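*Asks:* dropping the sequence and predicted coords here.
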Amino acid sequence: MIRAEPALTPRRIQQYGPAIAVFVLVTALWELGVWAFNVQVYLLPAPHTIAQTFVELGGSLIDKGAYTFREALIGYLFGCTLGLLVAVAASRWGLVAEALLPYAVATNAVPIIALAPLTIVWFGIDEGSKIAIVAILTFFPTMLSAYRGLTTCSPSAVELMNSYAALPRDVYFKLRFPNALPYIFNALKLCTTLAMIGAVVGEFFGGPAFRALGVFIKSENSIAHNREAWAGIVVACGFGLVFYWIVAAVEHRLMPWHLSQRDARR
């Protein structure tokens, strides 16, 4: 019979305790600062007022967050999948890498605020433009990290595989991909946050008024409803955290042999 690990163990406390302590400390200092300096709500609402607003609008905000998360997820899948495929091609043919890597660096330097209006012109004001923004934001980090993982195998290991007359596909699936998995998952976890940022910021430039979280945040902020805007930001953060944890859980399942995962279980 498999026994479930207790919710609170020394390992779990050591792993999550510092993050929880920082969250509690920052929230307490925020609350105390707003009260001590009599900061007006339109400048910075106190955490307890944001919590109250979230309770009042919770269902509506979750629906808007789910709509925006859907855009982020679709763009994430498109961008990361294409990034992985291009990384495989670039690691196989050097000409592909030489042709694309300079553009990858240049594109990463372009701020998202400059891309959003252009994608609306190209793909329309609905979800297509937001998906395109997310795909662009997630494509290049995934491609660069995967390419690095696929091309940094130990030369002696590659020579050993070749000495056994291993087929190219065997070299990829038994050596290069296992070596690249830590790089790939680092990029995938980074892209979870980029996906939510891209979807929300893209909605600042337009979207379904009663469905998109970014439109809600911008419209509430424009009429000085900062409590509602902050509640929307909290929802976006929550979806981003859940997205990150899901990818981290998949990493834990697929890479139990990796040093980082062994250290996490101690």
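*Replies:* On my side now, so go ahead.
*Asks:* distance from the chain centre to stretch 101-118, please.
*Replies:* For stretch 101-118, the separation from the chain centroid amounts to 17 Å (computed by CA atoms, centre = their mean, to the nearest Å).
*Asks:* oops, could you answer that again for stretch 51-62 instead?
*Replies:* Distance, centroid of stretch 51-62 to centroid of chain: 23 Å (CA atoms, centre = their mean).
*Asks:* what's the mean pLDDT across it?
*Replies:* For stretch 51-62, the mean pLDDT works out to 88.
*Asks:* alpha carbons only: can I get it in CSV?
*Replies:* The C-alpha trace of stretch 51-62 is given here as CSV (Å, rounded to 0.1, in the frame of the first residue of the first chain):
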residue,chain,number,x,y,z
ALA,A,51,-9.0,40.8,-1.2
GLN,A,52,-12.5,42.1,-0.6
THR,A,53,-12.9,43.2,-4.2
PHE,A,54,-11.7,39.8,-5.4
VAL,A,55,-14.3,38.1,-3.2
GLU,A,56,-17.0,40.4,-4.6
LEU,A,57,-16.0,39.9,-8.3
GLY,A,58,-14.4,36.5,-8.0
GLY,A,59,-16.5,34.5,-10.4
SER,A,60,-16.4,37.2,-13.1
LEU,A,61,-12.7,37.6,-12.7
ILE,A,62,-12.0,33.9,-12.9
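*Asks:* and the contacts of it?
*Replies:* 45, 213, 216, 227-228, 230-232, 234-235 (CB atoms under 8 Å, 6 or more residues apart in numbering). (C-beta placed from N, C-alpha, C; glycine too.)
*Asks:* one more: stretch 82-95?
*Replies:* So stretch 82-95 is contacted by 96-97, 100-101, 135, 138-147, 150-151, 172, 176, 184, 187 (CB under 8 Å, 6+ apart).
*Asks:* show me which of those are buried.
*Replies:* Buried positions within the contacts of stretch 82-95, assessed by neighbour count (16 or more other CB atoms under 10 Å), are 96-97, 100, 135, 138-147, 150-151, 172, 176, 184, 187.
*Asks:* of those residues, which belong to helices?
*Replies:* Taking DSSP state H, the ones among the buried ones among the contacts of stretch 82-95 that sit in helices are 96-97, 100, 135, 138-147, 150-151, 184, 187.
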